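J.: what follows is a predicted protein model with its sequence.
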Amino acid sequence: MAESTKRKRIRIKDCDYSQNGAYFVTICTADRDNLFGEIVGANCVRLTLSNIGFVAEKEISALSNTYDYVCVDKYVVMPNHIHMLIIITVPDELNRQNTYAELGGRTQFAPTISRIVKQYKGAITKKIGHSIWQKSYYDHIIRSEKDYRLIWRYIDENVTKWQEDRYFG
């Protein structure tokens, strides 16, 4: 019997991914299939979204409505992946263990990056009727203003540098 492959742990051990701060997240399609659209143009390079790409973009906007203290500060939908710069800003006075006090008649769970990504992937899967996702996702905790600016620029320029992108192909 063949040994099962053990997945590499990609989250920082003992890190609280609900901490206030900025996070860079990359979510890929399964097999890096180009499902969200295609990059077109020579002089004016842009992404033309597919139907699935429109759903993916719309659900990014919905994240801020789903979680009261989450803001997607910058994002880009690419042909086979999505980059988001997510800001979590939960006021200190709220219970940060697992849930907040009941807000507006409903119990709201503390937003963690894992919960946000799960919600996002699930919403798209439900809308299109099947899963398109690679297992897991990549995240990076932004620790400085310089790091934040570099990631902002990376997201901003991602479409124009598609052929240099590690997810190209």
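T.: Here it is on my side, so go on. Numbering: from 1, shown residues only.

J.: helix or strand for the residue nearest to S131 when sequence neighbours are not counted, which one?
T.: Once flanking residues are discounted, S131 sits nearest to T125: 4.8 Å by CB to CB, 6 or more residues apart in numbering. Every residue, glycine included, has its C-beta placed from N, CA and C. Element membership for T125 (DSSP states H and E) is helix 113-128.

J.: what are the buried residues along that helix?
T.: Buried positions in helix 113-128, judged by neighbour count with 16 or more other CB atoms under 10 Å: 113, 115-117, 119-121, 123-124.

J.: what average pLDDT does that helix get?
T.: Confidence for helix 113-128, expressed as mean pLDDT, is 95.

J.: after it, which helix or strand is next?
T.: With DSSP H and E, the next secondary element past helix 113-128 is strand 138-142.

J.: show me what that following strand is packed against.
T.: strand 21-28, helix 145-157 (3 or more CB pairs under 8 Å, 6 or more residues apart in numbering; DSSP states H and E).

J.: columns mean neighbour count and distance to G41 on top of these, output as CSV?
T.: Output for those, formatted as CSV (neighbours: other CB atoms under 10 Å; distance: least, CB to CB, whole Å):
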stretch, mean neighbour count, distance to G41
strand 21-28, 20, 23
helix 145-157, 14, 15
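
J.: still on that earlier bit, identify the residues contacting the residue nearest to S131.
T.: Counting by CB atoms under 8 Å, 6 or more residues apart in numbering, T125 makes contact with 131-133.

J.: which one of these is nearest to R143?
T.: Distances from R143 to the contacts of T125, taken as CB to CB, are shortest for W133 (27.3 Å).

J.: distance from stretch 146-159 to the middle of the chain?
T.: 15 Å (CA atoms, centre = their mean, to the nearest Å).

J.: what is the rounded mean pLDDT of it?
T.: Stretch 146-159 comes out at a mean pLDDT of 95.

J.: which residues of this protein score low on pLDDT?
T.: For the chain, the stretches with pLDDT under 70 are 1-18, 93-110, 169.

J.: switch to 90 and redo it
T.: Counting by pLDDT under 90, the chain shows low-confidence ranges at 1-20, 40-46, 64-69, 89-112, 160-169.

J.: residue contacts, the closest residue to F24 other than its chain neighbours?
T.: Nearest non-adjacent residue to F24, counting by CB to CB, 6+ apart: H140, 4.2 Å away. Going by CB under 8 Å, 6+ apart, H140 touches 23-25, 151.
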